[in-house]
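Novice: Predicted model, plus sequence, below.
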Amino acid sequence: MAPPYVNENPNIELTEEGLLVAEDEKRDSVTESYEAEAFESDEVEETLDDIAYPEQLPDTGSPELAAIREDRALDE
């Protein structure tokens, strides 16, 4: 007997969500490091202007991932 059909889409979506979370964490870490260096530099304002803060960036999440996150939040 053949194994039952496995829908891999949820697994792919969860992997993509994990990659987005990791990317956000990496961006936050780099931003914090860059800010610390900016405050020590001679051109503080110009250096801080170069930082792309997360709230300035477009939302890259899909509606499907948003729904998954909402379902998990309700379960917790």
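Specialist: All right, it came through fine.
Novice: Quick check: which element contains residue 18?
Specialist: helix 9-40 (DSSP states H and E).
Novice: Give me the pLDDT for residue 26.
Specialist: Predicted confidence (pLDDT) for residue 26: 90.
Novice: can you tell me which residues contact it?
Specialist: Contact analysis of residue 26 by C-beta atoms under 8 Å, 6 or more residues apart in numbering lists nothing. All C-beta atoms are positioned from the backbone trio N, CA, C, and that covers glycine.
Novice: And the pLDDT at residue 22?
Specialist: At residue 22, pLDDT is 91.
Novice: Same question for residue 62.
Specialist: pLDDT for residue 62: 66.
Novice: quick revisit: in the helix or strand just after the helix holding residue 18, which residues are buried?
Specialist: Next in sequence after helix 9-40, counting helices and strands by DSSP H and E, comes helix 44-49. Buried residues in helix 44-49, counting neighbours by 16 or more other C-beta atoms under 10 Å, are found at residue 47.
Novice: Which strands or helices does helix 44-49 pack on?
Specialist: Counting contacts by 3 or more C-beta pairs under 8 Å, 6 or more residues apart in numbering; DSSP states H and E, helix 44-49 packs against helix 9-40.
Novice: for the helix it packs on, which positions count as buried?
Specialist: Here helix 9-40 shows 17, 38 as buried, counting by 16+ other C-beta under 10 Å.
Novice: Next up, the contacts around the closest residue to residue 41 other than its chain neighbours.
Specialist: Sequence neighbours aside, residue 47 is the residue nearest to residue 41 in space, at 5.3 Å (criterion: C-beta to C-beta, 6 or more residues apart in numbering). Residue 47 makes contacts with 34, 37, 38, 41, as judged by C-beta under 8 Å, 6+ apart.
Novice: separation between the nearest residue to the third one once chain neighbours are set aside and residue 32?
Specialist: Read that as residue 38. In space, residue 38 comes closest to residue 47 once its chain neighbours are excluded; the distance is 3.8 Å by C-beta to C-beta, 6+ apart. According to C-beta to C-beta, to the nearest Å, residue 47 stands 14 Å off from residue 32.
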